[in-house]
Structures are given as C-alpha cells and as structure tokens.
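Have a look; sequence and predicted model below, questions after that.
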Amino acid sequence: MHIRASRGDIAERVLVAGDPGRIDLISSLLSDAKLVNTHRGFIVYTGYYNGVPVSLASHGVGGPSAAIVFEELVILGAKIIVRLGTCGSLLGDIGLGELIIPTGASYYLGGLYYQYMGESACAPTTPHYEVLKSLVEEATRANARYHVGPVVSSDAFYAESRDFALKWSSRGVIAVEMECATLFMLGHMRRVKTGALLVVSDNLVTGVHASSEELRDTVLKAARIALNAVAKVTP
C-alpha cells in the first residue's frame with residue numbers, strides 16, 4: 001500500500017534509515033542501483049554491494065511510520081533489516097560522530113506496542129544475535145570508535161532533555177533514538193533478522209549537536225560497515 005513494489009524488487013537484505021536524503025546518499029555505494037519506490041516519500045533503492053543484492057529504504061520518523069515500512073518490506077521478501085540511523089548520546093563522554101551498536105531498546109508501554117501486543121506486556125526488543133555480532137566485527141575491522149549497549153526508543157523528540165538523559169543513563173541506557181524498539185519487536189514477531197548501527201548526532205548531556213552535512217563522511221563510513229555486516233549474514 002505504501003511501498004509500491006513487487007516481490008523481486010526488494011532484496012532479502014535491507015538497510016533502512018529515517019531520512020530519505022540519507023538513503024539517496026548511501027545509494028552511491030551500490031552498483032546498478034535502481035529506484036523502486038518514491039510513493040509517500042518512502043524512497044527505496046535496490047542494487048548490489050560487492051555483488052550481494054541489497055535494498056535501501058527510508059522509513060520516516062517514529063515507530064508508527066517505521067512499522068509500516070518494516071511490515072511491507074517483510075511482505076515483499078526482506079529477511080534481514082538493519083537500521084542505519086542517528087541518535088542522541090546520554091553519556092557526556094560519547095562524542096559526536098561516534099557509533100552506537102544497540103544490544104536492545106527500551107520503550108514506553110502503550111501506543112504502537114500495546115496495539116501489537118494486545119495487552120500491557122513487554123515485547124522483546126533485541127536485535128538478532130548474528131546481525132549484532134556481524135556489526136561489531138565490521139566496526140572493529142573498520143577501526144571505528146563504537147559503543148555497544150542498550151538504547152531507548154522515544155516517540156517525543158522535543159520532550160528529550162538533560163534530565164531525560166540523566167534518568168535513562170542511570171538505568172544503564174547509553175543513547176536515545178526513535179525506531180529501534182519497533183524494528184526489534186517486529187523482527188521477533190515476523191521471524192526476520194534485525195539490527196542497528198547508529199551515528200551520534202547530538203549529546204543530551206553536553207548540549208552539542210552536528211548537522212547532516214557535518215556527519216556526511218561518518219554516515220558513509222557507517223553505511224559501509226552496515227553493508228559489509230549484512231552481506232555476511234545468512235537470510
């Protein structure tokens with residue numbers, strides 16, 4: 001309904017991002033990249049990375065928008081979905097442009113999660129182990145500065161503050177973003193392998209932030225790490 005493509009247009013391995021501009025940027029890393037959807041602003045490309053078929057898809061902002069894209073990608077044949085996103089650091093010593101590899105995602109009960117679960121239950125929101133392992137190995141191989149730990153998925157971008165950072169970091173959470181919990185939950189429900197690699201774009205403790213232009217090279221490096229990782233995971 002939203003991704004107007006057919007089975008065969010979407011590869012089994014998919015890299016997703018919220019920003020359509022980020023998908024346009026990293027499409028330059030694929031060979032024979034074909035634009036297969038623009039409907040509703042959900043930009044989707046399919047091409048090859050080192051000879052491996054890969055799709056790239058934008059999912060918009062927040063869990064509800066992302067869930068639509070994740071569900072339709074699975075319907076269209078996706079078996080591995082990795083989010084290449086940005087996040088806010090909740091620790092003062094994690095700097096801009098550093099990478100976060102989530103081991104799980106906290107979330108607030110209700111909303112989308114309640115509608116999927118049908119009760120006030122805590123859905124498992126963890127990445128697939130094979131994808132997590134591959135992301136860590138590729139980040140190490142690339143000599144990237146990365147941190148491995150839990151994140152929190154928040155629906156309210158402008159409600160996040162220094163107090164929010166202190167509260168969640170006291171719980172052992174290292175970064176905040178908006179879609180990982182949805183992706184990981186649906187990964188378990190739909191039996192697909194998921195993971196995430198996040199670029200730190202701001203720090204909620206120190207108040208510093210970086211623009212998309214300033215992070216361009218870092219995003220491309222992170223995209224190569226993520227693409228190398230998904231290429232080595234068996235669907």
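It's in. Residues are numbered from 1 along each chain as shown.

quick one: contacts of the longest helix along the chain?
Counting by DSSP state H, the longest helix found in the chain is helix 216-231. Here helix 216-231 makes contact (C-beta atoms under 8 Å, 6 or more residues apart in numbering) with 13-15, 22, 25-26, 29, 49-50, 52, 54, 80, 82, 84, 97, 99, 131, 134-135, 137-139, 141-142, 144, 195, 197, 199, 212. Heads up, the C-betas are built off the backbone N, CA and C, glycines and all.

Drop anything exposed from these.
13-15, 22, 25-26, 29, 49, 52, 54, 80, 82, 84, 97, 99, 131, 134-135, 138-139, 144, 195, 197, 199 (16 or more other C-beta atoms under 10 Å).

Which of the residues you listed fall in helices?
Those of the buried ones among the contacts of helix 216-231 mapping onto helices are Arg22, Leu25, Ile26, Val131, Ser134, Leu135, Glu138, Ala139, per DSSP H.

Just send the residues you listed back as a markdown table, with pLDDT too.
Formatted as a markdown table, these follow (pLDDT from 0 to 100):
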| residue | pLDDT |
| --- | --- |
| Arg22 | 97 |
| Leu25 | 97 |
| Ile26 | 97 |
| Val131 | 98 |
| Ser134 | 98 |
| Leu135 | 98 |
| Glu138 | 98 |
| Ala139 | 98 |
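
Tell me who's in contact with Leu84.
15-17, 22, 26, 196-199, 219, 222-223, 226.

Repeat the analysis, applying 10 Å as the threshold.
Residues counted as contacts of Leu84 (C-beta atoms under 10 Å, 6 or more residues apart in numbering) are 15-19, 22-23, 26, 56, 195-199, 219, 222-223, 225-227.

Show me what it is bridged to.
Leu197 (DSSP bridges).

That one and Lys193, how far apart?
With distances taken as C-beta to C-beta, to the nearest Å, Leu84 is found 15 Å from Lys193.

now Gly77: how far from Asp155?
29 Å.

Could you check what's spatially nearest to the spatially most central residue of the chain, not counting adjacent residues?
Note on the chain: the residue nearest the mean C-alpha position is Arg83, at 2.0 Å, using C-alpha atoms, centre = their mean. Closest residue to Arg83 apart from its sequence neighbours, by C-beta to C-beta, 6 or more residues apart in numbering: Ala196 at 4.1 Å.

And Cys180, by the same measure?
Of all residues not flanking Cys180 in the chain, Ala105 sits nearest, at 4.0 Å (C-beta to C-beta, 6+ apart).

what sits against the one you found?
Counting by C-beta under 10 Å, 6+ apart, Ala105 touches 125-127, 150-153, 173, 175-185, 196.

So which of those belong to strands?
Residues of the contacts of Ala105 located in strands (DSSP state E): Pro150, Val151, Val152, Ser153, Ala175, Val176, Glu177, Ala196.

Identify, from these, the entry nearest to Glu119.
Proximity of those to Glu119 (C-beta to C-beta) peaks at Ser153, which lies at 19.4 Å.

What distance do you get for that closest one to Ala123?
Noted for Ser153: a distance of 11 Å to Ala123, by C-beta to C-beta.

Val52 too?
The gap separating Val52 from Ala123 is 31 Å, by C-beta to C-beta.
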